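Trainee: Show me the folded form of this:
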Amino acid sequence: MSHSRIIQVSKERVEENERLDSSSLEIEERLHEINGVDYVMEPDSSREVELDWLKEELDKVGFALDGEKITVGKDETFLSDWREKAVEIAEEFSLWKLKEVASGVFFSAFYIYDEEFGYLMPLWEWARQVLGNDQTYYVGGIIDYHY
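Mentor: Sure thing, here's the model as predicted:
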């Protein structure tokens, strides 16, 4: 079993008292959208450590994180990598793995909660949706989930 993160993002700065946490109704109502999740909790590590981990994950899709500000990238390299991996896995005919690749979870188990979409989505899928939109996003709540 593993742990990963649910990250709240918004086009507006998220004040500390507005950050989603593990007891937020918005999260509890949407946990079924993450395959195999069994519980959520507040991260054990500091926010700075959590943001460093998020920065590593965002780097994989060509996005930047400066403090709590996410700058959307324009580089589509991660989409090419995604397509190549999908073809490779399809040839193996591993349906479980193909589902993980298709959703983007194969590359990163981070999920994004963007109120504009209204549901949780894997980081790579969110990145595909917002790629090139010249929008800045801000990090809100960071929630640890176990799967």
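
Trainee: Could you tell me the backbone phi and psi angles at the nearest residue to Asp38 once chain neighbours are set aside?
Mentor: Spatially, and ignoring its direct neighbours in sequence, Asp38 is nearest to His146 (5.6 Å; CB to CB, 6 or more residues apart in numbering). In this view, the C-beta of every residue, glycine as well, is placed from N, C-alpha and C. The phi/psi pair for His146 (degrees, to the nearest 10) reads phi -110, psi 130.

Trainee: just Glu116 next, same as before
Mentor: The phi/psi pair for Glu116 (degrees, to the nearest 10) is phi -60, psi -30.

Trainee: give the contact list for the residue nearest to it when sequence neighbours are not counted.
Mentor: In space, Glu116 comes closest to Lys11 once its chain neighbours are excluded; the distance is 7.4 Å by CB to CB, 6+ apart. Shown in contact with Lys11 (CB atoms under 8 Å, 6 or more residues apart in numbering): 116, 135-138.

Trainee: Can you give the distance from the lowest-mean-pLDDT helix or strand in the chain to the centre of its chain?
Mentor: The helix or strand of the chain with the lowest confidence, counting by mean pLDDT, DSSP states H and E, is helix 25-28 at a mean of 82. On the basis of CA atoms, centre = their mean, to the nearest Å, helix 25-28 is displaced by 16 Å from the centre of the chain it belongs to.

Trainee: just checking, what packs against the helix or strand just after it?
Mentor: Following helix 25-28 in sequence order, the next helix or strand is strand 39-41 (DSSP states H and E). Contact here means 3 or more CB pairs under 8 Å, 6 or more residues apart in numbering; DSSP states H and E; on that basis strand 39-41 packs against strand 136-146.

Trainee: mean confidence for the strand it packs on?
Mentor: What strand 136-146 shows for mean pLDDT is 97.

Trainee: Partner strands of that strand and their direction?
Mentor: Using DSSP bridges, strand 136-146 pairs in its sheet with strand 3-10 (antiparallel), strand 39-41 (antiparallel), strand 69-71 (antiparallel).

Trainee: Tell me the buried residues in the second one?
Mentor: Residues of strand 39-41 classed as buried by neighbour count (16 or more other CB atoms under 10 Å): Val40.
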